[in-house]
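Student: Just to be clear, the model below is a prediction. Sequence and coordinates:
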Amino acid sequence: MNKKSGPLDAAETADAAITAALVVALLAAGRVLASGSLFQVFAAFVVAVLAARRRTRAVVIATGAAASIALILGGLGPVSQAALAGVFGWCGGVSLRRDWGRLRTVGFSLLIAWPAMAFSVLFFYPAIAINGKLRKLVFENVENQAKGIGNVLGGVAWLVDAPIGFVGGLFGLNDFTFFRDVADVVADALIGIGDFLIDNWLLLIPATEFVYTVIYALAVRGVGGAILRRLDKALVESVGLSLQSGEHADPVPVKIAGAALKRNGTTVTVPLDIEIDPGEHVVVEGPNGAGKSTLLDALAGMDNHDAVLRAGNVGLGSLGGTARVGQRPEAQVVGTTVDEDLRWGLDTPVDITATLADVGLHLPLDRPTSELSGGELQRLALASALRREPKLLLADEVTSMLDPEEQIRITNRLNGLTNTTVVRTTHRNDAAPTDRRILLPSANPVSTVVPAEANELRTISSSVTESRLLRLRDVDFTHNPTQPWAHEVLKGVDLSIHRYEMLMIEGRNGSGKTTLARILAGLAQQTSGEVDEAKGLKRALAHQHVRLQLLRPTVHTELHSLAGVREDGSDPPTDIERHTMRAQNLGTTIDLFALEHLLHRRIDELSGGEQRRVLLAGLVARGVSLLVLDEPLAGLDASGRSELAVTLDRVRLAGTSIIVVSHDIDWAPPHVDQRLRLSNGRLEGVRV
Amino acid sequence: MSRSQAFFRPVPVDSPIHRLAPETKVVAGIVISIGLVFNPLWSHVLFAAALVVGVFILAKLPTSVLPRIPLVVRFALFGGAIGAAGSGEEPFVAGIGVGGLLDYGRLIMVGVVMILWAGILSWTTGLTAVGFAIRRLLRPLRRVGVPVEEIGSVVALAVRSLPLVADEIDIVNESVTSRPPPANLAEKPVREAFSFIGDITTAVVIGSHRRARDLATAMVSRGSTSAPEPKRPDFRKIDIAVLIAAFALCIGAFLIPGWPEIVD
């Protein structure tokens, strides 16, 4: 654990911020779904994870931030919920960190959280505790409800009794009052309970909170512990992610002693002594996994400090220091708008439009960064790097998403930097003759691609008999149609997909791709137009971030959960036939996707490509006959792409049709039947 | 664009309310809410409702910004109204006791007015600016050792991550609901339910952690963990006037007996 003191570093700040956002989002969800306390427990789990991994200071700050946002968005009630999630989460986190037993955890929580909880209810609803007016209004409502429900029940009972009594009367029986008697008893009980609550509220609130505290403490301890054990496998400790001083920035010359550089807990050996002098232009080449990004991060001073020797400070991010642009464009953005992103960390008055034009961007400054394409994001990140007039510029695959023309332009721009030392990596063979080239040898082969050994179609399961699976006719979609932010995303989209087909839909970020993907997968409803689906069609959407869709701990458990099959091989009490069929499907699918050897691995030990294979296999085994993939190419390098292509072939071998939605116009999986482009909300065909 | 966060977006029009400093709006909203919550009499509730509607109109907000009430909540409200109406308390209108319904309406109105204040703030200000306003308002607490600057920058970062985080929760939620029910649910319901809750939270936390790591790396690369402050309206005389009025209303709410008078 961290034994630091003082202000939070960047990693702690980011963790605290994301935790605060999660707490607020969970509380808001609880509010909308009218099940606040359940979501408060969720929020406490999230805080417990933070508390177990970070300093108490981070927990206090995250809780303070969540409470501030809650105050603005929802008033006093959510503030107390956020504060309590913080207190419970902290208790649970401390208990997890120190590995306490249940008894001790409950004792500690009672000591800390129970008073806090009883106090917060009394404090955050002070109106109830010390103010007679609101108390009277609330209590009157409790009484009214008790009395009212009793009366309504009485009325209903009379409606039942009367006809029975009437029929009985014809036979000379006494008046029938059975249901009315029952209703009377219930009504009396309700009023009694209401009165009891009102008479003893001062005692009842702390008593209820006592019970809640015990339940919460046990739940946070139990579930939080389970989450933490699984996180150990998934999370990479972010070391060295702290801000660096901009003073005495002197990043070059720099020397890396040929060393074992650590990355994500594994070691990448860079078997070279590398010295880089001022003004040099260096291109680092090598296969995937050779450690190119690791080398650049080390040069940026973000990791592996021991291996890097330089005279002054690296001055990462400061004017005249080191500037770094990393690989995945969406991970380089910090601002919500173009303007904010460019001014982040260097808020000097400059002509921002000129800065943008420098990298070939012509964007309105208030354009949200979430609407930019991958190529635009890459150039935006490069623009803010160039703004810093760096002595050392580290550029990791910064042209991978640009079209060829722009690539040449940007590469030339980098080559023209005479006062800057440039170290860049590239997939393309675009090193200038004057560049110094460093070739990193392959570290360890990272191929898990399944070779295609079967060409015959093995249809898994499908209750669909028609050839055409889905047809969109004149589909429009407008976001928030009745609100001032309404904006039209899709206009008159026509599309149909048949069995065994694979379509690819390209479009820039913000072009409405994701909305179209959701409509195709049946997750969103079009504003107008028709969507006809074949009878019995099962559709599914595979999101860009696969991990969010994988829930269970191991591959075996997850596949069974996705397919709805029992893990222990037993039969369910009902519907045995369908279960058997599903189990057979699952067996065939595991075979087809070559998952046999992964079955007992944990989900979080798998590579991204393997995780995607598990998800797609599970969906196929469920009987999904139309699979929509949203941005499956994001963050994939060349070998990742060919792995994806093989996986998609497997999906089709199982008889499942595929629609790939992507912003990447340079690459399509082989065997695509049709390529379509979405621009300005309209879909048009592209000649392949 | 996020599906669930439309409620929090500023409406791009110019109005006297848009031009107020964010701090003014935050403080005035809280102060007036306190005056209302402590004195939920008919007179005060109706006045606050009229005030919030007036400000809404003054802010040139279209009624279409109002969020739709989710079905669950509508059912809950309707059920509560039935229960309250059944009580048959006085006063009587056409022989039916509407007192319960009136009390119930008053309680709901207090809640609606509070939510509307929050709504007007976010529709006219934008959450990043609100984050900075909170930081500035908390600044005096620095003297007693509260890490105000850190809370401030965490607020700003959290606010900008909200839509993304909410999207991730939506994705996990979709993944859960589209799955066949756990095959062992019938035999071990509690165990299955608990492990499922753990699974869901783990997926959300892992997703958000990846985002946190990206964010940290990006911030370190830019050399700063706090966002540049957006352009904000200056603090003008009108702000002072609004603040004085808000405090006056709050104090007045306690001093004026109101109607109907409380008989304990």
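Tutor: Great, that's in hand.

Student: Residues touching stretch A:422-429, excluding its own?
Tutor: Stretch A:422-429 has contacts (CB atoms under 8 Å, 6 or more residues apart in numbering or on different chains) with A:276, A:280-285, A:292-293, A:296, A:299, A:392-400, A:407, A:414-415, A:637-638. Heads up, the C-betas are built off the backbone N, CA and C, glycines and all.

Student: Now do B:V13: how many residues are near it, please.
Tutor: Other residues lying near B:V13 total 14 when counted by other CB atoms under 10 Å in any protein chain shown.

Student: That one and B:K60 touch, don't they?
Tutor: Yes: using CB atoms under 8 Å, B:V13 is in contact with B:K60, at 4.9 Å.

Student: ok, now which ones touch the residue of the stretch 151-264 of chain B found nearest chain A?
Tutor: Nearest residue of the stretch 151-264 of chain B to chain A: B:G223, at 2.4 Å (CB to the nearest CB). By CB under 8 Å, 6+ apart, the contact set of B:G223 is A:L243, A:Q244, A:G246, A:G315, A:L316, A:G317, A:S318, A:G321, A:G345, A:L346.

Student: Assumed the last one was part of a strand.
Tutor: No: membership of A:L346 in a strand is not supported by DSSP: H, G, I helix; E, B strand; the rest coil, which gives coil.

Student: Quick check, pLDDT for it.
Tutor: Among the per-residue scores, A:L346 holds a pLDDT of 82.

Student: For it, give me phi and psi.
Tutor: phi -150, psi 80 (degrees, to the nearest 10).

Student: ok, it to A:D358 distance?
Tutor: In this view, A:L346 and A:D358 are 15 Å apart by CB to CB, to the nearest Å.

Student: More neighbours: these two, which one.
Tutor: Comparing A:L346 with A:D358 by other CB under 10 Å, the one with more neighbours is A:L346, at 18 against 14.

Student: Tell me the predicted confidence for the residue nearest to A:A668 when sequence neighbours are not counted.
Tutor: Leaving out its chain neighbours, the residue that sits closest to A:A668 by CB to CB, 6 or more residues apart in numbering or on different chains is A:M504, at 4.9 Å. You'll see A:M504 listed with a pLDDT of 92.

Student: Write out the residues of the stretch 551-688 of chain A neighbouring chain B.
Tutor: A:551-553, A:560-568, A:572-573, A:579, A:604, A:622 (CB under 8 Å from any CB of the partner chain).

Student: go with 6 Å
Tutor: Within the stretch 551-688 of chain A, the positions lying close to chain B (CB under 6 Å from any CB of the partner chain) are A:L551, A:R552, A:G564, A:R566.

Student: got it, and the stretch 301-450 of chain A?
Tutor: So the stretch 301-450 of chain A meets chain B at A:G317, A:S318, A:R324, A:A331, A:Q332, A:V334, A:T336, A:R343, A:W344, A:G345, A:D347 (CB under 6 Å from any CB).

Student: Show the buried residues in those.
Tutor: A:G317, A:S318, A:R324, A:A331, A:Q332, A:V334, A:T336, A:R343, A:W344, A:G345 (16 or more other CB atoms under 10 Å in any protein chain shown).

Student: I'd say the third one and B:S221 touch.
Tutor: If I follow you right, that is A:R324. Yes: contact status for A:R324 versus B:S221: in contact at 4.6 Å, counting by CB atoms under 6 Å.

Student: Please parse chain B into its domains.
Tutor: B:1-125+B:234-264, B:145-231 (automatic domain parsing).

Student: Let me know the average pLDDT across stretch B:134-148.
Tutor: 85.

Student: Pull out the buried residues from that stretch.
Tutor: Under 16+ other CB under 10 Å, the buried positions of stretch B:134-148 are B:I134, B:R135, B:R136, B:L137, B:L138, B:V146, B:P147, B:V148.

Student: Return the member of these nearest to chain A.
Tutor: Nearest member of the buried residues of stretch B:134-148 to chain A, counting by CB to the nearest CB, is B:I134, at 4.7 Å.
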